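Participant: sequence first, then the predicted structure:
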Amino acid sequence: MKPSYSERRERLGRHFDAIRETQADAARVDARLAEQVDQARRFAEALARNAARAAKDKAREGPPAVAGVATGMPRTRWHAAQVVEREFVTELSCTLRLPVRSTETLIAESRTLINELPGTRAALQDGSITYRHAQAIMNQAWSLHAEALAGFEETLLKSAPHLTVANLKNEARIMRERLHPGSITARHQKSVADRTVIFEPEADGMASRSWYDSAEKVKAGYDRLTVMGMSLQGPNDTHTLTQLRADVFEDLILDGVTASGVGQGIRGSVHVTVPVMTLLGHPEQPSHFEGSGPIDPDTARKIAAGTPGFIRILTHPETGVVLSIGRTFISRGPTSGQPGRRHPLHDSAVEVGELGRHELARRLRCLHPKRWAVAVEQGGDDLAGAPGRLGRAEG
């Protein structure tokens, strides 16, 4: 017998119940991960304190210890606590395959959840909120004094299980403004110092750029793009307003000028690796845009047509491994060799001539004062290893 409509609706409801329970399970896992990360952090700090005490005791018994020899700590101009912190961040970054900045954020969030926001941690453990809800609370709690945290958290948790993340962010921001002891003017001036523009590679040869600045400036800029985009709309124009905003922004940022006239004629600098076969019109050969990734052949040829010069790169005809690139070493990969680092290296050229790879690795090791070693495997993959563990640096 065919089930009735009400029975089918009931079955659909059970599907949604299962989805909700899976989401709650994910929240419990996130809470457990935060606890484990903070436990590891505290263990690493305790280990460093014990090593420092042992080094002091040994120094009293004999000649002064030399950093990196008798103490077992690396030779570095950094404070010992900084070395421990950087080593822990790097090791966790490799373990979780996260960028360094994301790892630092995870460590800070875990520390806050476990030590400062017990109510938020409990809500995460019972699955009533998600980790993104917890992040919305933490992001505003970080700037509050300790005595204001309890009331801030208690009030938000009353509504958090029933709010979207966006609505919770808004409520948390408003409450934080009410509870923050400093004036909005002083806090705004401090935040303005963090203004920035961020470049983010995207799929299909695209990229995005975000602008963080004073709200009135960003809103005014967006409104200007909207007004200028609307002025370009015609009765037969098929472009959306969103596309026109992007077109106006492109024209302003690439060819526009500042009030003083600075900017006219200044063009951005990009590095593109273009196979010769692509220049000859064979689209099956991929091109690579440094700091972003693969781009389409037509764009690669367009960039190559206007370039002021070329650098010859000799590659193996079968494997494609770079064999020679002249006397200037930039990078065998597009970014820094630090785990998770995605910063382009076109500003970091080093004159090394025809140094062997092992000699080059020895010199590069000096750039990172942590206890990491550099090795080279046949085939060109560099390995960076921490004590007892290995991580692969993909080039």
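Facilitator: Yes, it's here.

Participant: pLDDT below threshold where in the stretch 151-300 of the chain?
Facilitator: Residues of the stretch 151-300 of the chain meeting the criterion pLDDT under 70: 181-185, 257-272, 276-280, 282-297, 299.

Participant: quick one, strands of it?
Facilitator: In the stretch 151-300 of the chain, the strands defined using DSSP state E, counting those that start in this stretch lie at 196-201, 207-212, 272-273, 287-289, 293-295.

Participant: packing partners for the second one?
Facilitator: With contacts taken as 3 or more CB pairs under 8 Å, 6 or more residues apart in numbering; DSSP states H and E, strand 207-212 sits against strand 196-201, helix 215-231. To be clear about C-beta, it is placed using only N, CA and C from the backbone, and glycine gets the same treatment.

Participant: ok and the first one relative to strand 207-212, angle-wise?
Facilitator: Same thing as strand 196-201. Angle of strand 196-201 versus strand 207-212, following axes from the mean of the first three to the mean of the last three CA atoms, to 10 degrees, is 160 degrees.

Participant: per the record, what domains does the chain have?
Facilitator: 5-183, 196-255, 272-393 (automatic domain parsing).

Participant: can you tell me which of the helices and strands packed on strand 207-212 is most buried?
Facilitator: Mean neighbours per residue, mean count of other CB atoms under 10 Å, is largest over the helices and strands packed on strand 207-212 for helix 215-231, with a mean of 13.

Participant: rewinding a little: okay if I get the helices and strands packed on strand 207-212 as JSON lines plus distance to Ala304?
Facilitator: Formatted as JSON lines, the helices and strands packed on strand 207-212 follow (distance: least, CB to CB, whole Å):
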{"stretch": "strand 196-201", "distance to Ala304": "20"}
{"stretch": "helix 215-231", "distance to Ala304": "31"}
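
Participant: for Ala141, find the nearest of these.
Facilitator: Minimum separation from Ala141 across these (CB to CB) falls at helix 215-231, 21.1 Å.

Participant: can you pull out the residues in contact with the closest one?
Facilitator: Residues outside helix 215-231 that contact it (CB atoms under 8 Å, 6 or more residues apart in numbering) are 211-212, 241, 244-245, 247-249.

Participant: out of those, the closest to Leu168 would be?
Facilitator: Set against Leu168, the nearest of the contacts of helix 215-231 by CB to CB is Tyr212 (21.0 Å).

Participant: wait, the closest one sits on Ala193?
Facilitator: No: between Tyr212 and Ala193 there is no contact under CB atoms under 8 Å: 11.3 Å.
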